[in-house]
Every structure is written in structure tokens, then in C-alpha cells.
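J.: Got a predicted structure here, sequence first:
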Amino acid sequence: MTFSILHISDLHQNLQDEIPPEWLLDRFESDFERFKDSDPAIPLPAICIVTGDIVYGVGPTAADAAVELERQYDQAHDLLVGLCDRFFGGDREKVILLPGNHDIDYSQVIQSGSYLPIPKSPRDKSKLVQELFAPNSALRWSWSKLQFFRIVEATTYGKRLNQFARMYERFYQGKRKYSLDPSLQYAVFDFPHLSFSLIALNSCHQNDPMNRAGAIHANALQAACRALSSPSRAGWCLGASWHHDVTGGAGHEDFLDAAFLQLLVEAGATIGFHGHRHRADCIDQKNRLGTNPRTMAVVAAGTLCAGPTNLTPGVPRGYNVVELDTQKLKGRVHAREMINQLQNLPIWGPSSFVDTNKSYVDFELSPPLNKRPAMLDLQQIRECAAEQFGQKKWQGVIEAVGEYADDPIARRFYVEALSELGDNALTILSLANPRSIAEAVILGSAILENGEKLQIQRFLTLELVRGSTDASLNEIRTRLKRKI
């Protein structure tokens, strides 16, 4: 299976020089049209990963901070919906969202506690410093105020991703919700048709503007690893995504400790996606495990919309297209970058990796930990169809069965769902060659209501229809003959 992933990150925009969402989408479309003529050619993306910093954010003392933050999320929502509608057929599940540090509501952080005066006693100062560096500390240090800050209301602090959660639920139209419980802040996105599964993690656990280090809640990471290791995903290519960079230089605290990658490797993940760095990169063979070494390629995306003051010097805005070949176990990151100088009207073109001096870099994929049992997909399709049928989600049954409509068990759910759904055009297309009298009756009824002359004639020539003695089918046949 070969497919590609649109990897964008850091959508936050400069508040004085914003990029119109429609322009971004138009420029994506223009760049995608050039993909087939690129050297090498770039396949059009099948899914999209957005690795955080959906909005720029607002300072706690800004005028009308709540109004401005809501405006930013509304604009981001419209951009993401437009992206989904234009390039992914309106299927919101094909666009994976997760939060970044800019998505935190700073005002909620300030409301959760208070600033502390610096004590005069050296002993008291020492106690505060020890508390500051203690694990899971509720104490912060504000460099802008040169004061300590203590979180008192944990519930209020926990709401600092509330605006993101609201936009998240709105984008997924209520089908997905984002928990404010840090232990539940992960999501699983399965793509059976691609034999690919992705975990979306929150690397902003205990993160805020006074505590910039990235972290993932241990329980969320454990649950995500269990999900990746599930037998239902055996044989698939497995990935993970988060926001923070996993490589930090001397004096840097604004990154995520890479030790967690070892757990993902052990769970079978072979590729990771993140943002935050504001430049494209691919670190191959990041972690190894056991006597049979496994690798994990970690791909960083540039910033899509950050303003000039947030860009890495000399590095323009950009995004990635990550190409995966799960049969040959190979991957390729194609980097795209802004090639003009108008900050509010970017145009995209090929970028260049320092390591290769090319617009792409290749990497290897570790094979799945376990082979996929031959009947597993069919079993899951049957179970999913039965679940959707029990909930009377007829469209869900049809989508679940898909290419397995030839299986006798799955087909029973499929045919009954078509009958209940009442979409005559879909029924005529799906049951063009009925396999039973019951299917012929459903097909004939649909043609009777909305069929064209050629469809009527074809139906009447079917051997199953011509030779039938079934009363219901004969009645349909008689009425169709009158319409010719």
C-alpha cells in the first residue's frame, strides 16, 4: 500500500498580518496541481495530520482576550473545514487534530492561582526553588514579572484547553470530543483501507507560558500504547503524533523529552509526526529496542502560518507531504516552503533539506510487530456492520461493509441497510446484479420509483427476474413493463 499524508503544523498567525484562509486553500490547490510534474512526483495526500498550535493565542491582559481567542478558533475552524472539503471529500476523520502550546488559554492559567512575593529568608527562597523543580509541581516562575506563581485551583487550570476542546468537537461534528482530563487526552484514528493507524497525543500536559516544557500524561501514553498494540491493528503501519520537538539544545526547556519514544517503538509505532520546531526535518532511526533493533522515523513539519517574529531565522513557512510505502517499508518526506515575500499571501514551492540538498529525504519503516491474520479484517467488518445496524445507522452499515459486500454475512446487513436508507440511486447502483429474490425486489422497487428506461430494460432481462414466480417480484415486473 502506497499513500501520502499532508503534514501541517503551527497554524498560528501574526495578529497584525493575517493570512486569509481562502488564499491558503487556493495556494494548496495550486501546489497540489504541480505535484504530478515534480521531480520526483508527489502523490496527492490521502489524509492530513495537524500537529498543534491551531491558533496564535492571546495574552491574559489583552483587551477583549476571550473575544479575540474565539475569533482565532473560528478562523482556524473555517480553514480546517475548507481544507477537509476541498481535498478530503468532506470526511472530517481524514484530518487529525491535536493541541499545541499556543492553543492554551493563558487567562485560565492566571485565574487558577496567584503570584507570590519573593521571600526574604534564604531558607524560604530555597524551599520555593525546591518546590519549583519538584515533579508535577504547581509552582511556576514568571520571567516577565520575576515572580513565583502558584496554581491553586487545579480544575480551573485544567480548563486551559477548553477553547480547543470546543473547536475540536465542533470540527468533528460531535462524533469526537476532547477530554479535559489529561489522562484521556489521546485519540486513535484508524484507516483500514490504508492499513494505517495513528495515535494523536497531547504533549502539553502541565504546559503553560510559565512552564514551557512539553510532557505527555503517563496514563494517556500508556493507553495509547495499548491501543497501538491491539490485535485489531496487527499487520498495519502504526504512527504517533504530538506537538513538541523532541530535540532541545543547551539552555532550551521548550521541548519534549524523547524518552517516551521508546514506549511507542515497543508498541509497534514506526513513524512519528510533530511540529513546534518551525522547520522541516526527518530524524531516522531515532530509537532502537531489543535484540532485533526497530527504528522510528520522526518527522517535523515547518510552520504553516507563523508570523515573521516566530519564524526560525532564515527558514520560511512550510509544510510536508509524507509518502509511505507499507509493502516496501520505505518512506519519503517532501518538504514545501513559502517561495515569495508577501507574508500575508504565501505561495508554496519545493524546499530543500540540508542533509540531502534535495526537496525530499528518504527513510526506512520498521515492519509491523505481528502479521495480520487472514480473516481479521472480515471479522471486524462483520462486527462493525452489526453494531451500526443495531444502532439503525444505515449509512454507517454501508460504509462499514464497503468492498466486503460479497461476504454473505456482511451482505445481509448491507442489503437491509440499503432498503432502510431509501436512497434509490445508491440501491440501483449497489444491487445492479441481485443475488436473491429479496435483493431483486429491493432493486425493482428502487427502479420503479426512480429508474430510467435503460435500467428498467436491463432489470427485466435479468434471469432471476424473468424466471421468478415470486408474487412481489412479478408485481414489480408487471408495473415496470407498463413504464416502457
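T.: Thanks, I have it.

J.: mind listing the strands in the stretch 351-484 of the chain by residue range?
T.: Remark: strands assigned in the stretch 351-484 of the chain by DSSP state E, counting those that start in this stretch are 360-364.

J.: other SSEs contacting the longest helix seen in the chain?
T.: For the chain, the longest helix by residue count, based on DSSP state H, is helix 65-87. In terms of contacts (3 or more Cβ pairs under 8 Å, 6 or more residues apart in numbering; DSSP states H and E), helix 65-87 is packed against helix 21-34, strand 47-51, strand 95-98, helix 162-171. All C-beta spots, glycine's among them, are computed from the backbone N, C-alpha and C.

J.: Out of the ones you listed, which is closest to Ile339?
T.: The closest of the helices and strands packed on helix 65-87 to Ile339 is helix 21-34. By Cβ to Cβ, the value is 9.9 Å.

J.: Outside of that closest one itself, list whatever touches it.
T.: With Cβ atoms under 8 Å, 6 or more residues apart in numbering as the contact definition, helix 21-34 has outside contacts at 44, 75, 78-79, 82-83, 86-87, 304-305, 336, 345-349.

J.: in that helix, what's buried?
T.: The neighbour-count check on helix 21-34 (16 or more other Cβ atoms under 10 Å) flags Pro21, Leu24, Leu25, Arg27, Phe28, Asp31, Phe32 as buried.

J.: Double-check that Val321 belongs to a helix.
T.: No: going by DSSP: H, G, I helix; E, B strand; the rest coil, the assignment for Val321 is strand, not a helix.

J.: Neighbours of it, how many?
T.: Using other Cβ atoms under 10 Å, Val321 has 24 neighbouring residues.

J.: Helices of the stretch 351-484 of the chain, start to end?
T.: Under the criterion DSSP state H, counting those that start in this stretch, the stretch 351-484 of the chain contains helices at 376-390, 394-401, 408-421, 424-430, 437-450, 453-461, 463-466, 471-483.

J.: before we move on, back to that, mean pLDDT for the helices and strands packed on helix 65-87 - can I get that in TSV?
T.: Output for those, formatted as TSV (pLDDT from 0 to 100):
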stretch	mean pLDDT
helix 21-34	95
strand 47-51	98
strand 95-98	98
helix 162-171	97
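
J.: Figure out which of the ones you listed is closest to Leu324.
T.: Among these, the nearest to Leu324 by Cβ to Cβ is strand 47-51 (10.5 Å).

J.: Name the surrounding residues that touch the longest helix of the chain.
T.: The contact list for helix 65-87, computed with Cβ under 8 Å, 6+ apart, reads 6, 11-13, 15, 18, 21-22, 24-25, 28-29, 32, 44-45, 48, 50, 54-59, 62, 90-92, 94-95, 97, 105, 107, 163-164, 166-167, 170-171.

J.: how about the helices and strands packed on helix 65-87 in JSON lines, adding distance to Ser112?
T.: Converted to JSON lines, those look like this (distance: least, Cβ to Cβ, whole Å):
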{"stretch": "helix 21-34", "distance to Ser112": "32"}
{"stretch": "strand 47-51", "distance to Ser112": "26"}
{"stretch": "strand 95-98", "distance to Ser112": "23"}
{"stretch": "helix 162-171", "distance to Ser112": "12"}
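
J.: Of the ones you listed, which is nearest Ser203?
T.: Among those, the nearest to Ser203 by Cβ to Cβ is strand 95-98 (8.2 Å).

J.: ok now the closest one, how far from the chain's centre?
T.: Relative to its parent chain, strand 95-98 has a centroid offset of 3 Å by Cα atoms, centre = their mean, to the nearest Å.

J.: From the rest of the structure, what touches it?
T.: Taking Cβ under 8 Å, 6+ apart as the rule, strand 95-98 contacts 47-52, 54, 80, 83-84, 88, 168, 171, 187, 189, 198, 200-202, 241-243.

J.: Would you mind listing which of these are buried?
T.: Applying 16+ other Cβ under 10 Å to the contacts of strand 95-98, the neighbour count classes 47-52, 54, 80, 83-84, 88, 168, 171, 187, 189, 198, 200-202, 241-243 as buried.
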